[in-house]
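**Q** Sequence plus predicted model, see below.
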Amino acid sequence: MATQKPKCLLLGIIEHAFEQYAALSEYAELVTPKSTNREEFIEECKSGALDGVVVAFRTFTSVSITGRIDAELVEALPKSLKFICHNGAGYDQIDIQPLTDRKIRVSNVPTAVDDSTADVNMFLILGALRNFNIGMTALRAKEWRGASTLGNDPQDKVLGIVGMGGIGQTLKRRAEAFDMKIQYYNRRQLDPDQEQGAKYVSFDELLATSDVISLNLPLNAHTRHIISTAEFAKMKTGVVIVNTARGAVMDEAALVEALNSGKVRSVGLDVFEEEPTIHPGLLENPNVMLIPHMGTFTVETQTKMEVWNIENAKMALTQGQLKSPVPEQASITDWD
Ligand SMILES: O=CC(=O)O
């Protein structure tokens, strides 16, 4: 009797790497859920319809099918499930601890996102320094430059990067091309070959001495609202802030106040606390440049991300390992 292939569950849709995903059928039966919401998905899991699924490939938008991957959902997942391959860098939709407790391994997609996100980050730094939002909005309202005021050049400004992972390091290189001076804060100081001359400073020193602050750290329980009223108070008056990480690393209501008081001169945001809802105080403020979470929104990057994630799924199926496990699980060796 032929042995049954394990199953690979696709949560969400493949939009670019069709052939690479189809090629996984050599190692697994490729299946999709019938459910369209969390309640149905939990029922589908409980019914046994997804038994035999060993790997789940998930996208951001599949949160509409499963909801957060939290303890309640983990409880319902098929007993056969061993790997969740998340098709993104930030995996804040997933609670890692309950998965670790159930010995389910999780991967994300680092590296592939670095260039496109750092590009958007640099675009927002320049746009916020020059306050292009005012001119661009005025032009469309047929008011030419409208209330535009002179902007500032990036040259010789101190850029403080909070979170010096792949995106932070790529941004550093972009910003150096604009002659910015780079300092950074990270949970740990980087090795000199990664640091490449950037100055390592404490979080408080970064807040107090940066002309531009860029948020490039993951969202988790430790980083939620890492920038709030107390942190704004420590910053230079007239600071520029840019966020391409996750909205909730910054307290949006406190940001609106800091903008209104003039403490923060301008901001460039690609991410928001309650996407797709935007705080009205940000929408109304002309000193805010807004992009609807498009950091990785390019054909090349979206393709690279899917290909990377498929490699994670393939390694899981063929070697019982992940190419890029999430840091919380990277040092765990006993998965049996
Ligand atoms: O926001 C994009 C990502 O986390 O990959």
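**A** Ah, there it is. On a predicted model such as this, the values are computed, not experimentally measured, just so you know. Residues are numbered from 1 along each chain as shown.

**Q** Let me see the contact set for Val162.
**A** The neighbours of Val162, taking CB atoms under 8 Å, 6 or more residues apart in numbering as the test, are Gly168, Tyr184, Tyr185, Phe203, Leu206, Ile213, Ser214, Leu215, Asn216, Leu217, Ile226. Bear in mind the C-beta positions are built from the backbone N, C-alpha and C, glycine included.

**Q** what pLDDT does the last one get?
**A** In other words, Ile226. pLDDT recorded at Ile226 is 98.

**Q** how much space between it and the ligand?
**A** To the ligand, Ile226 is 17 Å away according to CB to the nearest ligand atom, to the nearest Å.

**Q** what does the first one give?
**A** In this structure, Gly168 and the ligand are separated by 14 Å, where distance is defined by CB to the nearest ligand atom.

**Q** swap in the fifth one?
**A** As defined by CB to the nearest ligand atom, Leu206 lies at a distance of 23 Å from the ligand.

**Q** A helix includes that residue, no?
**A** Yes: under DSSP: H, G, I helix; E, B strand; the rest coil, Leu206 falls within a helix.

**Q** on that earlier part again, helices - which of the contacts of Val162 land there?
**A** Among these, the ones falling in helices (DSSP state H) are Gly168, Phe203, Leu206.

**Q** Now the host helix or strand of Ala23: buried residues?
**A** Taking DSSP states H and E as the definition, Ala23 sits inside helix 18-23. Of the residues in helix 18-23, Gln20, Tyr21 count as buried by neighbour count, 16 or more other CB atoms under 10 Å.

**Q** and that helix, what's its mean pLDDT?
**A** Rounded mean pLDDT across helix 18-23 is 98.

**Q** For the helix or strand just after it, name the packing helices and strands.
**A** For helix 18-23, the following helix or strand on the C-terminal side (DSSP H and E) is strand 29-31. Applying 3 or more CB pairs under 8 Å, 6 or more residues apart in numbering; DSSP states H and E, one finds that strand 29-31 contacts strand 7-11.

**Q** and for the strand it packs on, what are the contacting residues?
**A** 21, 24, 27-33, 50, 52-59, 62, 65-66, 80-81, 313, 317.

**Q** So for that strand, mean pLDDT?
**A** 98.

**Q** the helices in the stretch 201-336 of the chain, which residues?
**A** 203-209, 229-234, 252-261, 280-283, 299-319, 327-330 (DSSP state H, counting those that start in this stretch).

**Q** Please give the element, helix or strand, for the closest residue to Arg102 other than its chain neighbours.
**A** Sequence neighbours aside, Val74 is the residue nearest to Arg102 in space, at 5.7 Å (criterion: CB to CB, 6 or more residues apart in numbering). Per DSSP H and E, Val74 falls inside helix 71-76.

**Q** wait, does the helix or strand just after that helix contact the ligand?
**A** Later in the chain than helix 71-76, the nearest helix or strand by DSSP H and E is strand 83-86. No: judged by CB under 6 Å from any ligand atom, strand 83-86 makes no contact with the ligand; its nearest approach is 8.7 Å.

**Q** how about the residues of the stretch 151-300 of the chain that lie near the ligand?
**A** The stretch 151-300 of the chain comes close to the ligand at residues Gly295, Thr296, as judged by CB under 6 Å from any ligand atom.

**Q** Residue of the stretch 151-300 of the chain closest to the ligand, please.
**A** Nearest to the ligand in the stretch 151-300 of the chain, going by CB to the nearest ligand atom, is Thr296, at a distance of 5.0 Å.
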